[in-house]
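Peer 1: Turn this into a structure:
(chains A and B)
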There are 2 protein chains.
Amino acid sequence: MGVVLLKFGGTSVGNVDKIQKTAEQAIREQELGNQVVIVVSAMGKSTDKLLSLAGEITKAPAKRELDMLLATGEQVTISLLAMALNKKGKEAVSFTGFQAGIETESVHGNARILDIDSERIRDALFAGKIVIVAGFQGITRDGDITTLGRGGSDTTAVALAAELAALKCSICTDVDGVYTSDPRYIKGARKLDELTYDEMLEMAHLGAGVLHPRSVEYAKNFKTPLEVKLSHGREKGTMIKEEMSVEDTKVVRGVAFEDGITRITVHWSRKEDMRVSKVFTELAKNAVDVDIIIQGITGLGHGNLSFTLKTSALLDALAVLEDKKAEIGYEKIESEQELAKVSIVGSGMVSNPGVAATMFEALTDQQIPIKMISTSEIKVSTVVPEREMVKAAQVLHDTFELEKA
Amino acid sequence: MGVVLLKFGGTSVGNVDKIQKTAEQAIREQELGNQVVIVVSAMGKSTDKLLSLAGEITKAPAKRELDMLLATGEQVTISLLAMALNKKGKEAVSFTGFQAGIETESVHGNARILDIDSERIRDALFAGKIVIVAGFQGITRDGDITTLGRGGSDTTAVALAAELAALKCSICTDVDGVYTSDPRYIKGARKLDELTYDEMLEMAHLGAGVLHPRSVEYAKNFKTPLEVKLSHGREKGTMIKEEMSVEDTKVVRGVAFEDGITRITVHWSRKEDMRVSKVFTELAKNAVDVDIIIQGITGLGHGNLSFTLKTSALLDALAVLEDKKAEIGYEKIESEQELAKVSIVGSGMVSNPGVAATMFEALTDQQIPIKMISTSEIKVSTVVPEREMVKAAQVLHDTFELEKA
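Peer 2: As a prediction, the model looks like this:
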């Protein structure tokens, strides 16, 4: 017995029927003896409709006013869900971000939560009510409505779970858990029962789009058990927590992959001219996100720097680099498109140095060229040609026998 | 120079084009040197859409949750209007009821404003911004969102105008002012330049549906000049204020009429049994509104009581009276439907006792039967058969020469 958080995204509350089902799921959780807090997003396409209204007026709305507009979406859902629970005979109360005490920075459109004053929520739970909180939104100290940016409702849920010391925070979504790899492409991909925060973080960063990395970080910091599960179903999902049960001794736990990657290489004729930090400062200033970075110096005194980024950001990146050519001092730039990133993830890797070697060998055996490599304590990423991506992922999934529990 | 309030109802901000026009009107007002506060309602049919969503879930939503739902309607309008003003190069800021400091009672669906903390609005006006406030909503001391009930946005506007000691509060609507009578039915009906608060109150109560009585009362208490004018037009409307300019010496200023009236008569066989107050206590308990009341005692020791109410409330009223027959102690009840109320209104009446006589004479001359009469210092109401309503109103409009300025 304790507090349980349930979070439902827009598709899970996309119409009245789904809102009813969401109410039923919350009631089942309460009947297990738990105090239930539900965090919901705006219904289905309602955010898009609001954005399109704003778009009819201006292409560049003030972010404060856009937050004011978008925050209405979740407010509609929470009130309807409260009505649905009432109708089923349960006491329920809805809270906007402001009423839930979610204080954020004053950064409109992408605010971070600074503090949560959960007194009203605690009082309502104590009174036996199911509490419904608008995800994705908060309020600044000055009383302005903010939104939390992408994955915002997940962040709301996890932050509230931490604040309320919840038993778990279930992210109810349209997949039934986290898989060893994407089952749409990889034969033998299997739902995981458990995963560590760090593994989930790597999987999330590597394109397994189930959870937003920010919410996983939050859960990790507060050691809040996270569950990814199917909305409106009774089946258990995947638990994400600090440590695995002892039985699970797999070194590699998942294979993640992502296409649409481009590699840019910057060449300097003299290694003394290399302004490497300037490259990344300028790209960051222009909101170009860079992923894998490799720096090389050849024997002839030349220098080069390679990094990957999403192909969608290529034109922006090239424009920035062209603009700052003199300051960066490079000689020429090359880019290679149609690449993909294929990664293996697992907490056990840190004590198994042979894993990376096994990975490279398996790819090389299949004549898959490895363009770049990047490692961390719990993952190894390789950049390969886009057309080889699924094959590479399947090879790795098979090699590390991820189809077996 | 000073603060000017502009209030726009749902049809005046019903689409993006009308929101743009609303922005232009606010800018014109600011360019006259005024500080401008705009109060808006939800866009056109959006409240109906929200109500229909709630209706899909339950026929009896909790009022707190219904307020939570409906309050999103105005929040959408205020953000879009702020964007429209920004787009036209004007600084603007939107406030929800809560942000505007509108504190109400904790009566959901029909709350009264208790207090306004206008600091944020004053700061924004001082900074040169156009301030946009969500009408119809407020917040309780406990932080729950409330709505103000029918005519709520008018009340918000008038209350803010009073709090800010505004030069005037313009209610911008789909009519260009207050008329001597309804121009759709009455030949010679003429727009009034001015009207007193009391006259407007009577007109509002008598069915001239331009303004909600509550907002007129508020304006009267704080002596805030009200203007009723056409949205998005440049023409002056009708000013409602404490006293008329001296030139206007008309005794009767308007003719109001309302159909769908029923008269109920309660008969007691002994006047000692008459529990008159019980009748009205029970009706009020059941939210049945009663209008004109006449009590009579015949020479034979019988007693009777007649009152009018809207025909739509007849079944409710009869059910209440039937249910409480023993306690009220009456012998029988009669009701007459298809009646109408026709009234003349004017501040000058109080010092012109002949006005009522002129009125009755005019109606009698036309063979219009008068079923009931009710007078106040500034109005005389008669109940007539519904089919004679328009004719009666036209006769009175002609008799008092209201077509002449």
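
Peer 1: Now do the contacts for the residue in the stretch 251-400 of chain A positioned nearest to chain B.
Peer 2: For the stretch 251-400 of chain A, the residue closest to chain B is residue A:287, as judged by Cβ to the nearest Cβ, at 22.5 Å. Placement of C-beta: from N, CA and C, glycine included. Remark: with contacts taken as Cβ atoms under 8 Å, 6 or more residues apart in numbering or on different chains, residue A:287 is in contact with residue A:316.

Peer 1: On the three-state scheme, it is what?
Peer 2: Here residue A:287 is recorded as coil under DSSP: H, G, I helix; E, B strand; the rest coil.

Peer 1: Could you check how far it is from residue A:309?
Peer 2: If you measure residue A:287 against residue A:309 using Cβ to Cβ, to the nearest Å, the figure is 11 Å.

Peer 1: Between the two ends of stretch A:145-152, what distance do you get?
Peer 2: 14 Å (Cα to Cα, to the nearest Å).

Peer 1: which outside residues touch the lowest-mean-pLDDT helix or strand in chain A?
Peer 2: Lowest on mean pLDDT, DSSP states H and E among the helices and strands of chain A sits strand A:293-297, with a mean of 81. For strand A:293-297, contacts defined as Cβ under 8 Å, 6+ apart pick out A:271, A:276, A:280, A:303-307, A:372, A:374.

Peer 1: The residues you listed in helices, which ones?
Peer 2: When the contacts of strand A:293-297 are checked against helices using DSSP state H, the ones located there are A:276, A:280.

Peer 1: Got a quick PyMOL command for the buried subset of the contacts of strand A:293-297?
Peer 2: Only the buried members of these end up in this PyMOL selection, burial being decided by 16 or more other Cβ atoms under 10 Å in any protein chain shown:
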select buried, chain A and resi 303+304+305+306+307+372+374
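
Peer 1: Out of the contacts of strand A:293-297, show me where the pLDDT dips lowest.
Peer 2: For the contacts of strand A:293-297, the weakest pLDDT value sits at residue A:271, with 81.

Peer 1: distance of that one from residue A:297?
Peer 2: Counting by Cβ to Cβ, the separation of residue A:271 from residue A:297 is 5 Å.

Peer 1: Rebuild the contacts of strand A:293-297 as TSV, extending it with distance to residue A:226.
Peer 2: As requested, the contacts of strand A:293-297 are arranged in TSV below (distance: Cβ to Cβ, whole Å):
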residue	distance to residue A:226
A:271	46
A:276	37
A:280	32
A:303	43
A:304	41
A:305	37
A:306	35
A:307	31
A:372	31
A:374	26
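
Peer 1: Present the contacts of strand A:293-297 as TSV; the columns should include distance to chain B.
Peer 2: Compiled in TSV, the contacts of strand A:293-297 are given as follows (distance: Cβ to the nearest Cβ, whole Å):
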residue	distance to chain B
A:271	50
A:276	41
A:280	34
A:303	47
A:304	46
A:305	42
A:306	43
A:307	38
A:372	44
A:374	43
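
Peer 1: and which of the contacts of strand A:293-297 is nearest residue B:163?
Peer 2: Of all the contacts of strand A:293-297, residue B:163 sits closest to residue A:280, with 53.1 Å by Cβ to Cβ.

Peer 1: helix/strand/coil for the closest residue to the closest one other than its chain neighbours?
Peer 2: In space, and not counting its chain neighbours, residue A:280 is closest to residue A:290: 6.4 Å by Cβ to Cβ, 6 or more residues apart in numbering or on different chains. When classified by three-state DSSP, residue A:290 comes out as coil.

Peer 1: again, but for residue A:186
Peer 2: Secondary structure of residue A:186, reduced to three states by three-state DSSP: coil.

Peer 1: and the longest helix anywhere in chain A, how far from the chain's centre?
Peer 2: Across chain A, the helix with the greatest residue count (assigned by DSSP H) is helix A:63-87. In terms of Cα atoms, centre = their mean, to the nearest Å, the centre of helix A:63-87 is set 23 Å apart from its chain centre.

Peer 1: what does the following helix or strand past that helix rub up against?
Peer 2: Scanning forward in sequence from helix A:63-87, with DSSP states H and E defining helices and strands, the next element found is strand A:92-95. Residues outside strand A:92-95 that contact it (Cβ under 8 Å, 6+ apart): A:78-79, A:81-82, A:85-86, A:120-121, A:124, A:129-134, B:64-65, B:68.

Peer 1: can you rerun that using 7 Å?
Peer 2: A:78-79, A:81-82, A:85-86, A:120-121, A:124, A:129-134, B:65, B:68 (Cβ atoms under 7 Å, 6 or more residues apart in numbering or on different chains).

Peer 1: what pairs with that strand, and is each one parallel or antiparallel?
Peer 2: Each strand that pairs with strand A:92-95, with its direction, by DSSP bridges: strand A:130-134 (parallel).

Peer 1: and the partner strand with helix A:63-87, angle?
Peer 2: Using axes from the mean of the first three to the mean of the last three Cα atoms, to 10 degrees, the interaxial angle of strand A:130-134 with respect to helix A:63-87 works out to 160 degrees.

Peer 1: Now do the strands in the stretch 251-400 of chain A.
Peer 2: A:254-268, A:293-297, A:303-310, A:332-345, A:372-375, A:379-385 (DSSP state E, counting those that start in this stretch).

Peer 1: picking that back up, so what secondary structure elements neighbour the longest helix of chain A?
Peer 2: When contacts are defined as 3 or more Cβ pairs under 7 Å, 6 or more residues apart in numbering or on different chains; DSSP states H and E, helix A:63-87 sits against helix A:16-31, strand A:35-40, helix A:46-57, strand A:92-95, strand A:130-134, strand A:145-147, helix B:46-57, helix B:63-87.

Peer 1: just so I know, which of those lies nearest residue A:198?
Peer 2: Of all these, strand A:35-40 sits nearest to residue A:198, with 24.0 Å by Cβ to Cβ.

Peer 1: quick one: average pLDDT of the closest one?
Peer 2: pLDDT averaged over strand A:35-40 gives 98.

Peer 1: what does it rub up against?
Peer 2: Counting by Cβ under 7 Å, 6+ apart, A:2-8, A:13, A:26, A:29-30, A:74, A:77-78, A:81, A:121, A:125, A:130-133, A:135, A:153, A:156-157, A:160, A:164 sit against strand A:35-40.

Peer 1: And these, which of them are buried?
Peer 2: Buried positions within those, assessed by neighbour count (16+ other Cβ under 10 Å), are A:3-8, A:13, A:26, A:29-30, A:74, A:77-78, A:81, A:121, A:125, A:130-133, A:135, A:153, A:156-157, A:160, A:164.

Peer 1: CA atoms of the least confident helix or strand of chain A as PDB?
Peer 2: Provided in PDB are the C-alpha atoms of strand A:293-297 (Å, rounded to 0.1, in the frame of the first residue of the first chain):
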ATOM      1  CA  ILE A 293      32.500  13.000 -31.700                       C
ATOM      2  CA  ILE A 294      35.900  11.700 -32.800                       C
ATOM      3  CA  GLN A 295      39.100  13.800 -33.100                       C
ATOM      4  CA  GLY A 296      42.100  12.600 -35.000                       C
ATOM      5  CA  ILE A 297      45.600  13.900 -35.800                       C
END
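
Peer 1: can you give me phi and psi for the residue nearest to residue A:191 when sequence neighbours are not counted?
Peer 2: Across the structure, with Cβ to Cβ, 6+ apart as the measure, the residue nearest residue A:191 apart from its sequence neighbours is residue A:177 (4.3 Å). Per-residue torsions, residue A:177: phi 160, psi -170 (degrees, to the nearest 10).

Peer 1: Identify the residue spatially nearest to the residue of the stretch 151-300 of chain A found nearest chain B, adjacent ones excluded.
Peer 2: Closest to chain B within the stretch 151-300 of chain A is residue A:232: 16.3 Å, counting by Cβ to the nearest Cβ. For residue A:232, ignoring the flanking residues on the chain, the nearest one in space by Cβ to Cβ, 6+ apart is residue A:21 at 4.3 Å.
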